[in-house]
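Undergrad: Return atomic coordinates for the entry below.
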Amino acid sequence: MKLRHAVLTAALLSACSPGLDLYTPPDARDYVALCARERALGCQAILPVLSTVQGEVTVLLVNGEDEPEITESLAGKGVSLNDFLTSVEAEEYARANIFLASELRSGQMQTLDGKTHTVECRLEGGTELCRIDGGIEGFNKLEGLNGRRGSVYLMTGLLPF
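TA: Numbers count the residues shown, from 1 in each chain. Model (predicted):
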């Protein structure tokens, strides 16, 4: 029994490991929690904010390594990457990348920071791709999973914060 539990735990924790995706939780909050345990910076910033909101959420994450994107956004703000998680900018980042919605839909949608964004979704090769504000684009990592609650979109970049 302990071995089975250890194997399951290893599989869960590997969900956010680069190139390794043995298990994808169908709940957006669980996905972000596991990703944060793997030390992904964006997930670590988003997790505390998720605990303050109710209902289904759609979370935007950078597809791949998020540190270069976050570092670039912090460059003009006087905050180092090392200080990011304890700064006001971490909450601003989280609020800029969370929608109170079960998924992205074409039209106008608002993030937790109160900004309205233009979302355009289309099918491409059997996958729905959504573009935000004509810039970043991505797909719902949780699409098609049984018991899906909320969405996690892996994007080509991040929204300004």
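
Undergrad: tell me what the lengthiest strand in the chain is packed against?
TA: Counting residues, the longest strand in the chain under DSSP state E turns out to be strand 116-124. Applying 3 or more CB pairs under 8 Å, 6 or more residues apart in numbering; DSSP states H and E, one finds that strand 116-124 makes contact with strand 107-110, strand 127-132. All C-beta atoms are positioned from the backbone trio N, CA, C, and that covers glycine.

Undergrad: What pairs with that strand, parallel or antiparallel?
TA: The strands beside strand 116-124 in its sheet (DSSP bridges) come out as strand 107-110 (antiparallel), strand 127-132 (antiparallel).

Undergrad: looking at these, which is buried most?
TA: Among the strands paired with strand 116-124, the stretch with the highest mean neighbour count (mean count of other CB atoms under 10 Å) is strand 127-132, at a mean of 18.

Undergrad: now for the helix or strand following it, which elements pack on it?
TA: Using DSSP states H and E, the helix or strand that directly follows strand 127-132 along the chain is strand 136-140. In terms of contacts (3+ CB pairs under 8 Å, 6+ apart), strand 136-140 is packed against strand 127-132, strand 151-155.

Undergrad: Now do the longest one against strand 151-155, angle only.
TA: In other words, strand 127-132. Calculated by axes from the mean of the first three to the mean of the last three CA atoms, to 10 degrees, strand 127-132 forms an angle of 70 degrees with strand 151-155.

Undergrad: Name the residues that touch strand 127-132?
TA: Here strand 127-132 makes contact (CB atoms under 8 Å, 6 or more residues apart in numbering) with 60, 104, 106, 117-123, 137-140, 143, 153, 155, 159.

Undergrad: Which among those count as buried?
TA: Leu60, Leu104, His117, Val119, Cys121, Glu137, Gly138, Phe139, Asn140, Tyr153, Met155, Leu159 (16 or more other CB atoms under 10 Å).
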